[in-house]
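Novice: Return a 3D structure for these sequence lines:
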Amino acid sequence: MTGKEFLNSVGGGEVDILKTLLDILHETETPYCVIGGLAVNAYAEPVVSLDLDLVVVSENIPRIIEAASSRGFSVEHFEHSVNLSMSGSDLRVQLQTDPRYQPFPARACKQPVLGYELYVASLHDVLQGKIWAYSDQTRRRSKRQKDLADILRLVETHPELTTKLPPELRTETE
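Specialist: Numbering: from 1, shown residues only. You can find the predicted model right below:
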């Protein structure tokens, strides 16, 4: 089974939502990069996730929403994201709208992630995003624990990253 087949199988298998999304990003000429757990998978031992977190150039979000809606995506707006989902797939797409992430796509590079060639945030940007997510006290505790686990996965694979951690997180990773 290929990575693509695996992801689509885990995600419900009826629709290749990621391929559809990549087509939309290409058609709207939108720079993007993967962040979150799937980005961690590009730099550390992969784990299964049904969340695809992306940073897109913010001015393109209305065009992405229009194109996604016309292809059957459901769109939900939240304080720091626009979430896209589609019947026939359990994969959840989250377009991050927090302005701190906007520089990430310019530093991204193409990498294989579960059978797809995706622009992935740089290693340091992925770590920074995970630090921001972990530090957000408004997030559910279970989500913050997953962020900490992702930070640990990155630091175990790339020990030089330990110096990039805030002091309170360094003690968590020792």
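Novice: chain center to the host helix or strand of residue 94, what's the gap?
Specialist: Residue 94 is part of strand 89-96 when elements are defined by DSSP states H and E. In terms of Cα atoms, centre = their mean, to the nearest Å, the centre of strand 89-96 is set 9 Å apart from its chain centre.
Novice: what comes up buried for whichever strand or helix holds residue 76?
Specialist: Residue 76 belongs to strand 74-78 when assigned by DSSP H and E. For strand 74-78, a neighbour-count test (16 or more other Cβ atoms under 10 Å) marks nothing as buried. C-beta coordinates here come from the backbone N, C-alpha and C atoms, glycine included.
Novice: Could you spell out the sheet neighbours of the helix or strand just after it, each with its direction?
Specialist: Using DSSP H and E, the helix or strand that follows strand 74-78 in sequence is strand 81-86. Strand 81-86 has the following strand partners under DSSP bridges: strand 74-78 (antiparallel), strand 89-96 (antiparallel).
Novice: Give me the three-state assignment for the most centrally placed residue in the chain.
Specialist: Closest to where the C-alpha atoms of the chain average out (Cα atoms, centre = their mean) is residue 53, at 2.5 Å. Going by DSSP: H, G, I helix; E, B strand; the rest coil, the secondary structure assigned to residue 53 is strand.
Novice: What number of residues are in the vicinity of residue 21?
Specialist: By other Cβ atoms under 10 Å, 23 other residues sit near residue 21.
Novice: wait, it sits on residue 92?
Specialist: No: counting by Cβ atoms under 8 Å, residue 21 stays clear of residue 92, with 11.4 Å between them.
Novice: shared neighbours of those two, which are they?
Specialist: Both residue 21 and residue 92 are in contact with 52, 84, where contact means Cβ atoms under 8 Å, 6 or more residues apart in numbering.
Novice: all strands of this structure, in order?
Specialist: All strands of the chain, identified by DSSP state E, fall at 32-35, 51-56, 74-78, 81-86, 89-96, 109-113, 116-120.
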